[in-house]
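Asks: Next one to model:
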Amino acid sequence: TGSGNMNLWWYAADLHVHTNISSVRGGCSLESANAQGYNLADLKTRARAVNLTLVFLTDHSYCLDSGKWNRLSTQARTLSGPSFQFSVGEELTVDEDCIGGNDVAHLGSLFLSSFIAQQPTNTWTPTSPGSQAGINLVKNQANTMAVINHPKDLAWDWKCASSTNGIRAVEVWNGRYDQSAVNWWINNFLLKGKYVIGVGGSDSHEPDTVSTWNMMGKVKTIISSRTPILNDPTPAYNALRSVGPVYVTNNGILRFNVTLLSGTVVGKGEMGEVIDIPVDDKGTARIQVNAMYWVRPSSEMSPGIPCELKICKGANGWTSEVCTSFGTVNNYGVKSITETITSNTYYRAQCIARASPGMPIERAILSNPIWLNFVRKDEPVITGASVAPVKPTTTTDKPAIVTPVKPVIVTSPAPKPATTSVKPTVTSAAVVPKPVTIPVIVKPATVTVKPVVVLTPAKPVVVTPAPKPAATTAIKPIVTPAKPIILTQAKPVVKSKTKK
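Replies: The predicted structure is shown next:
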């Protein structure tokens with residue numbers, strides 16, 4: 001079930017699960033390695049046992065047709081409810097047409113409203129759709145999401161990724177942790193300036209009694225929502241479709257955010273978000289990067305393992321990331337760094353554990369990046385103007401959206417009033433003050449007395465000099481700064497998951 005804390009509800013999801021449609025029992029002869037598969041009712045039972053709330057059904061396109069897909073969708077809706085949701089998509093096999101031959105790749109196709117067919121149908125190596133055409137077919141359906149699945153699998157390794165667009169996510173974790181897939185995501189997307197998140201899925205095909213390689217629950221994609229999921233999972237799904245806190249784990253909890261401290265700018269960004277930063281007059285921005293971790297035991301896996309915590313940064317055009325290590329951490333805590341940045345930069349966090357030195361990585365927590373984009377303006381930034389992140393901080397489950405106020409410059413011949421900066425109170429939780437009211441300058445009134453001319457008959461005309469104009473009276477501008485309203489965030493409350 002979802003756990004509500006820090007003004008967000010968090011849900012554990014598996015983005016890559018197969019039913020018995022992708023098995024010999026389900027009539028798919030191409031899946032000869034999978035004899036029986038899960039029926040949907042058993043799959044739900046297993047998912048609930050490992051505390052999954054959202055399960056994405058992604059049967060192979062070469063095992064499906066529109067009739068099977070529609071029947072599966074109907075059954076999935078029947079088994080979904082207030083505490084558990086199925087979402088039906090498919091794993092679409094695409095032709096890697098950028099290189100020719102019979103090379104193929106698998107495209108995770110989520111939130112579909114109808115089945116997408118490959119051609120020919122009953123084959124591992126279709127000639128249609130191609131890589132980009134497949135992505136387009138997914139994106140042509142409303143509110144969908146295209147995912148590059150297992151990019152480092154030698155048989156389905158996505159050679160055409162660099163020549164495609166429209167990808168929202170990369171499956172950086174398929175079944176078991178693979179650092180090469182994480183590196184592939186970093187090198188092909190993050191260091192090329194692309195806003196692509198990392199997700200995880202078990203790629204489960206068989207019940208755990210048959211196969212333990214891709215067991216559900218061994219990796220979870222944690223998705224946030226600002227409201228609890230009832231019968232409508234849309235709020236949590238929006239975090240995947242657009243922006244929102246998302247991370248991947250099998251070793252605990254990670255919250256990651258960036259607080260903007262640059263002079264007149266105060267705001268906060270969560271992992272997975274893109275934040276625009278007005279730079280100061282030096283072309284820089286001051287930030288604080290915070291990683292809150294909780295390495296913990298879990299009822300569905302062995303106890304959490306101490307892991308090495310790092311905060312990493314990168315940018316478009318860099319050849320590699322630069323990481324700050326905090327050494328091995330355990331239990332819970334917060335680690336932070338404060339930096340001045342001079343250009344567009346992203347930050348992410350990770351906590352990696354090996355069972356023993358030299359052994360493959362066994363446990364990990366991976367955050368998604370926070371992308372910080374510089375915004376340079378000809379007009380000065382007025383004190384009190386603020387940049388509000390996509391996720392506002394409030395003290396309720398349904399927060400009001402904090403809308404950034406566009407700076408307004410009021411010109412006047414009067415002397416420029418001193419600018420008053422109101423600094424927010426910073427607590428352990430990020431604070432987003434409301435924008436300070438822009439000073440209103442009253443234009444001074446000018447009073448002028450016209451000269452009086454006196455004419456005397458029969459005498460030489462004498463022009464009496466007019467008195468000097470009365471001095472101009474200037475009304476001093478009244479500057480009334482609004483008192484900032486500090487939005488205090490509730491103290492994190494961590495709810496343990498109950499195994500059901």
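
Asks: Just to check, Pro120 is in contact with Thr93?
Replies: No: look at Pro120 against Thr93 with CB atoms under 8 Å: they stay out of range, at 10.7 Å. Placement of C-beta: from N, CA and C, glycine included.

Asks: Between these two, which is the more surrounded one?
Replies: Using other CB atoms under 10 Å, the more surrounded residue of Pro120 and Thr93 is Thr93, with 20 against 11.

Asks: Which is the succeeding secondary structure element to the helix or strand containing that one?
Replies: Secondary structure from DSSP states H and E places Thr93 in strand 90-95. Following strand 90-95 in sequence order, the next helix or strand is strand 104-110 (DSSP H and E).

Asks: helices or strands next to that next one in the packing?
Replies: strand 8-17, strand 90-95, helix 131-139, strand 145-148 (3 or more CB pairs under 8 Å, 6 or more residues apart in numbering; DSSP states H and E).

Asks: any weak-confidence spans in the stretch 201-350 of the chain?
Replies: Under the criterion pLDDT under 70, the flagged ranges of the stretch 201-350 of the chain are 209, 211-213, 229-231, 233, 236, 242-244, 262-268, 296-303.

Asks: all helices for the chain, in order.
Replies: 40-49, 66-79, 131-139, 179-188, 234-241 (DSSP state H).

Asks: mean confidence for the fourth one?
Replies: Mean pLDDT, helix 179-188: 95.

Asks: List of residues touching it?
Replies: 150-152, 161-162, 170-174, 196, 198, 314, 321, 361, 366 (CB atoms under 8 Å, 6 or more residues apart in numbering).

Asks: Alpha carbons of that helix, in CSV - could you do that?
Replies: The C-alpha atoms that make up helix 179-188 are tabulated as CSV, following Å, rounded to 0.1, in the frame of the first residue of the first chain:
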residue,chain,number,x,y,z
GLN,A,179,25.7,-1.3,-13.5
SER,A,180,26.3,-1.4,-17.3
ALA,A,181,22.7,-0.5,-17.9
VAL,A,182,22.9,2.4,-15.5
ASN,A,183,26.1,3.6,-17.3
TRP,A,184,24.3,3.3,-20.7
TRP,A,185,21.5,5.5,-19.4
ILE,A,186,23.9,8.1,-18.1
ASN,A,187,26.1,8.1,-21.3
ASN,A,188,23.3,8.0,-23.9
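
Asks: thought Asn136 was touching Gly166?
Replies: Yes: counting by CB under 8 Å, Asn136 does reach Gly166; the two are 6.9 Å apart.

Asks: Ok, which of the helices and strands packed on strand 104-110 comes nearest Cys351?
Replies: The closest of these to Cys351 is strand 8-17. By CB to CB, the value is 16.9 Å.

Asks: Report all helices and strands that that closest one contacts.
Replies: Short answer (3+ CB pairs under 8 Å, 6+ apart): strand 8-17 packs on strand 3-5, helix 40-49, strand 54-57, strand 104-110, strand 169-174, strand 197-201, strand 220-225, helix 234-241.

Asks: Residues in contact with the strand holding Thr93: which ones?
Replies: 16, 18, 58-62, 64, 69, 102-109, 112, 115-116, 118, 124-131, 133-135, 137-138, 149.

Asks: Filter these down to just the buried residues.
Replies: Those of those that meet the buried threshold are 16, 18, 58-62, 64, 69, 103-109, 112, 115-116, 118, 126, 129-131, 134-135, 137-138, 149, by 16 or more other CB atoms under 10 Å.

Asks: before we move on, the earlier item: among the helices and strands packed on strand 8-17, which is the most enclosed?
Replies: Of all the helices and strands packed on strand 8-17, strand 197-201 has the most neighbours on average by mean count of other CB atoms under 10 Å, namely a mean of 28.

Asks: Neighbouring strands - and their directions - for it?
Replies: Neighbouring strands of strand 197-201 in its sheet, by DSSP bridges, are strand 169-174 (parallel).

Asks: ok so, going back, what is in contact with Pro120 and Thr93 at once?
Replies: Among the neighbours of Pro120, those also in contact with Thr93 (CB under 8 Å, 6+ apart) are Pro126.

Asks: and Gly198, what are its bridge partners?
Replies: With DSSP bridges as the criterion, Gly198 is bridged to Val170.

Asks: So Ser83 sits against Asn51, correct?
Replies: No: at 10.9 Å, Ser83 does not count as touching Asn51 under the criterion of CB under 8 Å.

Asks: more neighbours, the two?
Replies: Comparing Ser83 with Asn51 by other CB under 10 Å, the one with more neighbours is Asn51, at 20 against 13.

Asks: Just the pLDDT for that one.
Replies: 91.

Asks: cool, and the one 4 residues further on?
Replies: Looking at Val55, its pLDDT reads 95.

Asks: Tell me who's in contact with it.
Replies: Contacts of Val55 (CB under 8 Å, 6+ apart): Ala13, Asp14, Val17, Leu43, Lys44, Ala47, Phe84, Gln85, Phe86, Ser87, Met216.

Asks: show me what contacts the second one?
Replies: Just to be clear, that refers to Asp14. 47, 52, 54-56, 201-202, 204, 216-217, 219-221 are the contacts of Asp14 under CB under 8 Å, 6+ apart.

Asks: Repeat the analysis, applying 6 Å as the threshold.
Replies: Neighbouring residues of Asp14 by CB atoms under 6 Å, 6 or more residues apart in numbering: Leu52, Val55, Gly201, Ser202, Met216.

Asks: now those as TSV including distance to Ser73?
Replies: Listed next are these as TSV, based on distance: CB to CB, whole Å:
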residue	distance to Ser73
Leu52	19
Val55	14
Gly201	19
Ser202	21
Met216	20
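
Asks: For these, which two are the farthest from each other?
Replies: Farthest pair in these (CB to CB) is Leu52 and Gly201. Separation: 11.1 Å.
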